[in-house]
Every structure is written in C-alpha cells, then in structure tokens.
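Visitor: Build me a model from this:
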Amino acid sequence: MKRKIIISDTVLFLPEEHRLCPLRARGKETVLNVPASRCLQLMLQRPGEVISQSDFFSEVWQKHGQYVTANTLYQNISLVRKGMREAGLSKNIIRTVPKVGVVFSGTIEIQQEESANVIVQQSIKPKPPLIENSQAETPQPKRAGTNRNKLLRYSLFVSFIIVMLSLLVSNPSQSARFFNSHNQVARINQCSVYIDRDDLATNVEGYKQFLTASNVVCHPDEFVYITRLPANQSTLVLFCDTTAQGDLRCSSRFKIDNKHDPLAGLQPADGR
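Guide: Numbering: from 1, shown residues only. Take a look at the predicted model:
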C-alpha cells in the first residue's frame, strides 16, 4: 500500500520514493536524501506541533544506529525547505523555533493506494503552532473563476521571485556559514581539521595525535569536523565535503566517549 501526501494543495510527497512533485505548472520534481525525507515525514505526522531536536535525533537517526549533530539536523531541514521551493511551494511552512525545535504549519491530505485504486483518503489540518506571529495556512478553494485563478497564479509567481531574490541576497550557503563559525586547528595528511570556534574545551591535541596515528586520509575536497554532542557525553569525528550548491554533506566515522581519555574511548560512530 503506497501513500501519497498532498502538501498545501501544491506539492505531492511520495514517502517511499522520497520524491516531491509539483501539482501546478510551476516547479520541478525533487528527490530528497533519506534523512531529509524522514525529517519531513516526522513533521507531517505531527502538523502544528513543535518537534524537539531530541525527537528528530531519535526518530530519524538513532533508530537506524546513527548519531549526528544539531548542525546536521538543520542542514537536512534546509534541504527539505529547498526541495519544497523547487517543487513549487514558495510559502515558508516549516518554521524553526530557536533552541526548541521545528514546526510544520501547512495543510496535508493523505491518500493511500493499493495498485491503482485509491482506498483511503484523509485530510489533516495542523493545530495552530504555539509560537508568536505564526499564521495558519488557509487552503485555497478548489473551484474558482478563471480570472481569480490567473490573479492567484500571478501573485504566487511574484511572491516566489521576491523570496528567491531575498534568499540570494541575504542567505549565505551552508558551507559559508560553517567556515564563518569554525576554525581550522590542524592539517593532517591533506585533511583539514575544524572545530567550533566557541568550543574551547575540545581536546585538540588528543584528537590530532589520534588522527596522525591512524594515518587518516581524506578524499579530494573532504575535511574533518570534530564536534561534541549535547550534554557533552561524547564527541563525533565527521568527514564532510561541500556540494555544488554550497550545502554540506557529513558522515560520522568515530564516536568518542568524553567520560574517559579521548584516545582510549575512540570507537566507530555506530558504537561497534
């Protein structure tokens, strides 16, 4: 049984295929990576509810034996927003609540199919999100006069152009934001090693010794990012590179137990 989810009467989401498809003339089909698709599915299961970072970590990564940082979480939320825009939805229906989590404020309609026959159809409207200055999205009428449809399409097109221009002018890429807030602390075997600029407690020397002893090797344009998980229980060693669009892609190779000596506690990121 396959599911189809219509988001704000504009975008069709196919969870099993991780695809976002436009329902109107404007937009193009977009394929999300698996973590971004799981983030979107979690938001669609709880519309209008602020979902905490810990819920995202648990449902999207830890259930699958993976551990990531908040930076990786918000990179994937950014990919979901980007996919929505490319599929034709210009309105921002995914809002970040600082230091709390993320809330989805759009409307959804769920269709479940067996073969080519639709057997279940369900529409869900989100509860009003508990954040200031939020606006519930009003579903557009399904039937309207020709003139009204033309005016609506024109307004959406103008809004889209304004949003895209503002993003180009004001929003730096993910990689630019990363390099503006992190320092390079070493270069080992052509691998540049970075830490958060404010993370003064990081045992840089210990990690440099380990990376050197392990003869760590980076692929072209790849770099190492060392970051501590929330509550300072452990540290991740990530290997990252940048996409042509300026987004970051990171994978965890090691997890370090901070309760012990960093070198003695080093282990693969999956805990094995």
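Visitor: Tell me where the stretch 51-200 of the chain has strands.
Guide: For the stretch 51-200 of the chain, applying DSSP state E, counting those that start in this stretch gives strands covering 51-52, 94-97, 101-104, 108-114, 117-124, 182-188, 191-196.
Visitor: Go through those and pick out the most buried.
Guide: strand 101-104 (a mean of 22; mean count of other CB atoms under 10 Å). C-betas here are computed from N, CA, C, even on glycine.
Visitor: Partner strands of it, with direction?
Guide: Sheet partners assigned to strand 101-104 using DSSP bridges are listed as strand 51-52 (antiparallel), strand 94-97 (antiparallel).
Visitor: Minimum distance to residue 222: which of those has it?
Guide: Proximity to residue 222 (CB to CB) singles out strand 94-97 among these, at 28.2 Å.
Visitor: What are the contacting residues of that closest one?
Guide: Strand 94-97 has contacts (CB atoms under 8 Å, 6 or more residues apart in numbering) with 43, 50, 74, 77, 80-81, 84, 102-106, 129, 131, 134.
Visitor: Could you do stretch 76-84 as well?
Guide: By CB under 8 Å, 6+ apart, stretch 76-84 touches 7, 11, 20, 30, 32-33, 35-36, 39-40, 43, 60, 92-94, 96, 102, 174, 247.
Visitor: thinking again about what came up before, make a markdown table from the strands paired with strand 101-104 and add mean pLDDT and distance to residue 223 to it.
Guide: A markdown table is the format used below for those (pLDDT from 0 to 100; distance: least, CB to CB, whole Å):
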| stretch | mean pLDDT | distance to residue 223 |
| --- | --- | --- |
| strand 51-52 | 95 | 30 |
| strand 94-97 | 92 | 26 |
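Visitor: Can you convert those into a markdown table and add a column each for distance to residue 206?
Guide: Formatted as a markdown table, those follow (distance: least, CB to CB, whole Å):
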| stretch | distance to residue 206 |
| --- | --- |
| strand 51-52 | 32 |
| strand 94-97 | 34 |
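Visitor: could you give me the average pLDDT of stretch 239-253?
Guide: Mean pLDDT, stretch 239-253: 75.
Visitor: buried set for that stretch?
Guide: 239, 240, 241, 242, 247, 248, 249, 250, 252 (16 or more other CB atoms under 10 Å).
Visitor: what are the phi and psi values for residue 212?
Guide: Backbone torsions of residue 212, given as degrees, to the nearest 10, read phi -70, psi -50.
Visitor: tell me, how many neighbours does the nearest residue to residue 29 once chain neighbours are set aside end up with?
Guide: The shortest distance from residue 29 to any non-neighbouring residue, by CB to CB, 6 or more residues apart in numbering, is to residue 21 (5.0 Å). By other CB atoms under 10 Å, the residues close to residue 21 number 18.
Visitor: Could I get the contacting residues of residue 21?
Guide: 11, 12, 13, 14, 29, 87.
Visitor: From residue 247, how far off is the first one?
Guide: Residue 11 sits 20 Å away from residue 247 when distances are taken as CB to CB, to the nearest Å.
Visitor: so where's the stretch 151-272 of the chain shaky on pLDDT?
Guide: Along the stretch 151-272 of the chain, the model assigns pLDDT under 70 to residues 152-174, 200-202, 229-234, 245, 252-254, 257-272.
Visitor: swap the cut-off to 50 and go again
Guide: 167-171, 271-272 (pLDDT under 50).
Visitor: Going by residue numbers, what spans are helices in it?
Guide: 174-181, 204-213 (DSSP state H, counting those that start in this stretch).
Visitor: Can you check which of the ones you listed gets nearest to residue 68?
Guide: Residue 68 lies closest, by CB to CB, to one member of the helices of the stretch 151-272 of the chain: helix 174-181, at 14.3 Å.
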